[in-house]
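1. prediction below, plus the sequence it came from.
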Amino acid sequence: MKPRRKTQAEAYRKGISKGEIPVLSRAITLAESTLPEHKKLAQEVITWCLPRSGKSIRVGITGIPGVGKSSFIESLGLYLARECGKKIAVLAIDPTSSETGGSVLGDKLRMQELSRHENVYIRPSPSAGSLGGVSKKTSDAVILCEAAGFDTIIIETVGVGQSEITCHSMVDFFMLLMITGAGDDIQGIKKGIIERADAVLITKADGRNKKKAELMKQEMEEALRFHKPPESGWVPKSYACSSVTGYGIKEIWQCVEEYEKLCRESGYFMEKRKKQAKYRLHEALAQNLEDSFYENALIKKTLGEVEREVMEGKTDPYTGAANLLDLYFEKLRLPPSSEEK
């Protein structure tokens with residue numbers, strides 16, 4: 001009797017459980033695919049991985065372009081891998097052009113030393129225009145990486161703004177990186193980001209800029225005291241750091257560990273993750289409904305006409321939307337079953 005051939009799902013499960021990076025990479029690519037057959041297989045693999053995930057600390061990092069996110073992640077990652085024996089997955093979300101669909105996946109180039117470490121996995125991923133520049137598939141990638149044995153997940157986002165709520169909803173600890181002289185408005189101070197930060201880091205605190213960075217750190221400490229205390233009971237901290245000299249890196253990770261200890265002991269850590277899972281459920285429902293609406297053949301046929309009527313002032317946007325939704329749900333309505341007759 002010939003031995004049974006392994007199914008694709010079994011091959012993925014075996015490779016991920018062994019921490020095989022090529023298999024992990026293929027599984028994440030599968031989860032990012034929009035092909036129906038890939039979606040089905042990806043969901044089967046992720047469902048298997050789910051109970052084997054959740055054992056990592058998830059850290060989100062955001063800041064304006066040029067603040068030094070990639071350099072900071074490399075410095076922090078090398079410290080964690082070399083000094084703390086951590087196994088790190090960096091999910092670096094790359095901006096995708098809304099016009100060309102292109103994506104500059106350059107994070108491995110910017111983190112060359114870190115990417116060569118045997119206990120580090122860097123996965124650049126196009127954001128595909130999703131809210132906050134964080135790919136809607138990032139949460140799947142987190143589950144897959146955790147099931148593969150990574151105990152520290154770092155999610156780097158593009159830019160800052162209200163959209164970074166998406167990243168905040170995926171992580172345990174949220175860092176905002178800032179630089180001296182860039183202006184509060186530009187760096188997101190008045191856009192609600194700082195209220196969500198568990199730590200504010202002033203980067204490039206080296207050379208002549210170190211004194212300015214230390215001064216800004218003190219100013220941020222004062223500013224953080226005026227914000228409403230978070231539900232976790234944690235008091236957000238401010239640090240000055242340098243990716244060049246390593247200044248402040250150890251202290252920043254000690255801050256993350258202190259936060260994790262406090263929140264695990266209070267029960268907030270797991271409660272927050274439950275709320276995040278609920279948030280992603282509703283996010284997925286909204287996305288799937290939107291996809292179903294725009295992929296509907298009748299909507300595709302009618303949408304252009306309604307758009308023209310709205311642009312010409314013949315129909316207001318709200319009536320146009322209501323009519324399209326009525327058309328969509330009418331098309332979905334099934335004939336009554338024999339039990340209902």
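-> Nice, thanks for sending it over.
2. next secondary structure after the helix-or-strand element of the chain with minimal mean pLDDT?
-> Ranked by mean pLDDT, DSSP states H and E, the helix or strand of the chain with the weakest confidence is helix 184-187, at a mean of 50. For helix 184-187, the following helix or strand on the C-terminal side (DSSP states H and E) is strand 199-202.
3. same for that following strand, what does it pack against?
-> strand 173-178, helix 210-224, strand 237-240, helix 249-266 (3 or more CB pairs under 8 Å, 6 or more residues apart in numbering; DSSP states H and E). All C-beta spots, glycine's among them, are computed from the backbone N, C-alpha and C.
4. ok, and what's touching that strand?
-> Contacting residues not belonging to strand 199-202 are listed as 72, 173-180, 194, 213-214, 216-217, 220, 224, 236-241, 248, 252, 255-256 [CB atoms under 8 Å, 6 or more residues apart in numbering].
5. which residues sit in contact with residue 70?
-> Counting by CB under 8 Å, 6+ apart, residue 70 makes contact with 92, 107, 110-111, 156.
6. check what pLDDT residue 137 gets.
-> On pLDDT, residue 137 comes in at 80.
7. what is the burial count for it?
-> For residue 137, the tally of surrounding residues (other CB atoms under 10 Å) stands at 22.
8. one more: residue 286?
-> Around residue 286 there are 10 residues (other CB under 10 Å).
9. I'd like the distance between residue 181 and residue 69.
-> According to CB to CB, to the nearest Å, residue 181 and residue 69 sit 17 Å apart.
10. out of these two, which sits in the busier spot?
-> Between residue 181 and residue 69, counting by other CB under 10 Å, residue 69 is the more crowded of the two (24 against 7).
11. might one say that the more buried one is in contact with residue 156?
-> Yes. Taking CB atoms under 8 Å as the definition, residue 69 is a contact partner of residue 156 at 5.4 Å.
12. any common contacting residues for the two?
-> Counting by CB under 8 Å, 6+ apart, the residues touching both residue 69 and residue 156 are 61-62.
13. residue 155 pairs with what?
-> Assessed by DSSP bridges, residue 155 has beta-bridge partners residue 60, residue 91.
14. wasn't residue 31 part of a helix?
-> Yes. Under DSSP: H, G, I helix; E, B strand; the rest coil, residue 31 sits within a helix.
15. so what's the residue count around it?
-> Neighbourhood size, residue 31 [other CB under 10 Å]: 23.
16. what distance do you get for it to residue 40?
-> Computed as CB to CB, the residue 31 to residue 40 distance reads 11 Å.
17. ok, now residue 240?
-> Residue 240 sits 49 Å away from residue 40, going by CB to CB.
18. ok, residue 251 next?
-> 46 Å.
19. let me know the angle separating the host helix or strand of residue 278 from helix 249-266.
-> In the assignment (DSSP H and E), residue 278 maps to helix 268-295. With axes from the mean of the first three to the mean of the last three CA atoms, to 10 degrees defining the directions, helix 268-295 sits at 90 degrees from helix 249-266.
20. got the buried residues for helix 268-295?
-> 268-269, 272, 276, 283 (16 or more other CB atoms under 10 Å).
21. ok, stretch 13-27 next?
-> 13, 15-16, 23-24, 26-27.
22. most widely separated two among those?
-> Maximum pairwise distance among the buried residues of stretch 13-27 (CB to CB): 12.5 Å, between 13 and 26.
23. coming back round to it: okay, residue 240 and residue 40: which has more neighbours?
-> Between residue 240 and residue 40, counted using other CB under 10 Å, the more crowded position is residue 240 (26 against 10).
24. which ones are touching the more buried one?
-> By CB under 8 Å, 6+ apart, the contact list for residue 240 reads 201-202, 205, 210, 213-214, 216-217, 247-248.
25. make it 6 Å
-> Applying CB atoms under 6 Å, 6 or more residues apart in numbering, we find residue 240 in contact with 202, 205, 213-214, 217, 248.
26. are any of the residues you listed buried, and which?
-> With burial judged by 16+ other CB under 10 Å, the buried subset of the contacts of residue 240 is 202, 205, 213, 217, 248.
27. the second one: helix or strand, and which one exactly?
-> Residue 205 is located outside every helix and strand, with elements delineated by DSSP H and E.
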